[in-house]
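[1] starting from these lines, generate the structure:
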Amino acid sequence: MTHILSDRINNLAVSQTLAMAAMARELKAQGKDIISLSLGEPDFNTPDFIKEAAKKAIDENYSTYTPVDGYAELKEAICQKFKRDNQLDYKPANIVVSTGAKQSLYNIAQVLLNDGDEVILPAPFWVSYYEMIKLSGGIPVVVPTSVESDFKITPQQLQDAITPGTKMLWFSSPCNPSGSVYSKAELEALCAVLKNHPQIIVVSDEIYEHINFSGSYCSIASIEGMLDRTVTVNGVAKAFAMTGWRIGYIGAPEAIAKACTKIQGQVTSGANSIAQRATITALQADPSVLNEMVQAFHQRRDLVIEKMKSIPGFKCNVPEGAFYVFPDVSHYFGKTLRGTEIKNADDFALYLLAEANVATVTGDAFGNPNCIRISYAAAENQLIEAFNRIQAAVS
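    Predicted structure coming up:
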């Protein structure tokens, strides 16, 4: 039946993170003791004060259609958050609220890319960036990085990737999947290259901003000359454990914000009313309310890094943010483990699922075929057991 489908859907890859999660769920349903470390979802509950705000919104009958670009009060709260946390001076006209940061990103690709426009993607990158760019007619220009460079692109690599057809630079910090966080100095060095190419728009995905162990954070839009050529993407899914609430937002030059509102008005209209009211309360809270969760992730990061030291062939950086590790496992390529030939990261991830009952995600989906992504958004006892199983499976 695929012949009746459009070329664009036939050419679209399935999300590997969701595919592995679905495979893990299927095996669990069959009675297998699967530890899933594949999905990027905090294993915490939404804070009670946010849930209370949602209940209040229901009682106050916020049950009608919302403005396409978000409630005025929420847009004002987002402006205040940007100023408080990121030193960014946005006005409500620069803000668009969407059904998750994923929709925000797709809107951006749709309103900015024409067929053949090139988008520089430092690899590893979140799986959906590549497919969104392709679906919008753009050409992903993948710039590889490695564990040795802390999975960060250098100014020279950026310069070498720029052509007359370059329209965007698109990246995340903290990065999904590597957990790497660009310092202010590193961003300034990239901006020194970009200042010679004023046609390039930067898309900065900062959804993991608050899950950050580095002690500081810099938004690229805060660097001199960058505000008017950067789209800053954020949301409440990761920091506030609100993945199912589906609220994301952008701060952008007004023309881009208007364009995103225009396309959203034709596709989904405004985001969920109750979730928007709850998000107002979340964003108005002092970020210190997140300290307990961030500290838990920090401890898990340290635990996982320590456990990996005892697994031969795993090579990893020490990520400063998010809740992932992205070990290079190419040591195992060309080897046979318990009768299974490991040719690549896909084989290795499937081997761990079959032999260790641990679900991870192949790095190939993130633009780095030597690695696998492991989420440590799980209880410490599960992480210990998972890495014990992995160690046994490769010994």
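[2] tell me where the stretch 151-300 of the chain has helices.
    Along the stretch 151-300 of the chain, counting by DSSP state H, counting those that start in this stretch, helices occupy 155-161, 184-194, 254-267, 273-284, 291-308.
[3] would you list the ones you listed in CSV and tack on mean neighbour count, mean pLDDT and distance to Leu337?
    Every C-beta, even on glycine, is put in place using the N, C-alpha and C of the backbone. As requested, these are exported to CSV (neighbours: other C-beta atoms under 10 Å; pLDDT from 0 to 100; distance: least, C-beta to C-beta, whole Å):
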stretch, mean neighbour count, mean pLDDT, distance to Leu337
helix 155-161, 15, 98, 34
helix 184-194, 17, 98, 38
helix 254-267, 17, 98, 46
helix 273-284, 22, 98, 45
helix 291-308, 16, 97, 17
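[4] quick one: mean pLDDT for stretch 33-52?
    Average pLDDT, stretch 33-52: 93.
[5] when you give positions from now on, start the count at 56
    Fine by me, first position is 56 from now on; the one you just mentioned is stretch 88-107.
[6] now the terminal residues of it, how far apart.
    From its first residue to its last, stretch 88-107 covers 35 Å (C-alpha to C-alpha, to the nearest Å).
[7] next: stretch 61-71.
    21 Å.
[8] check stretch 267-280 too.
    Using C-alpha to C-alpha, the two ends of stretch 267-280 sit 25 Å apart.
[9] try stretch 264-280
    21 Å.
[10] swap in stretch 334-353?
    End-to-end distance for stretch 334-353, by C-alpha to C-alpha: 25 Å.
[11] what does stretch 173-188 give?
    Termini of stretch 173-188 sit 9 Å apart (C-alpha to C-alpha).
[12] let me see the mean pLDDT of that stretch.
    Mean predicted lDDT for stretch 173-188 stands at 97.
[13] please compute how far that stretch lies from its chain's middle.
    Put simply, stretch 173-188 sits 11 Å off its chain's centre (C-alpha atoms, centre = their mean, to the nearest Å).
[14] quick one: list the elements packing against the helix or strand of the chain with the lowest mean pLDDT.
    When each helix and strand of the chain is scored by mean pLDDT, DSSP states H and E, helix 71-84 comes last, with a mean of 77. Of the remaining helices and strands, those touching helix 71-84 by 3 or more C-beta pairs under 8 Å, 6 or more residues apart in numbering; DSSP states H and E are strand 90-91, strand 413-414, strand 416-417.
[15] quick check: bridge partners of the nearest residue to Ala276 once chain neighbours are set aside?
    By the measure of C-beta to C-beta, 6 or more residues apart in numbering, the closest residue to Ala276 outside its immediate chain neighbours is Thr285, 3.9 Å from it. Applying DSSP bridges to Thr285 yields these beta-bridge partners: Val257.
[16] before we move on, the earlier item: neighbouring contacts of the least confident helix or strand of the chain?
    With contact meaning C-beta atoms under 8 Å, 6 or more residues apart in numbering, helix 71-84 is reached by 89, 91, 93-95, 182, 404, 408, 412, 414-417, 419-420, 428.
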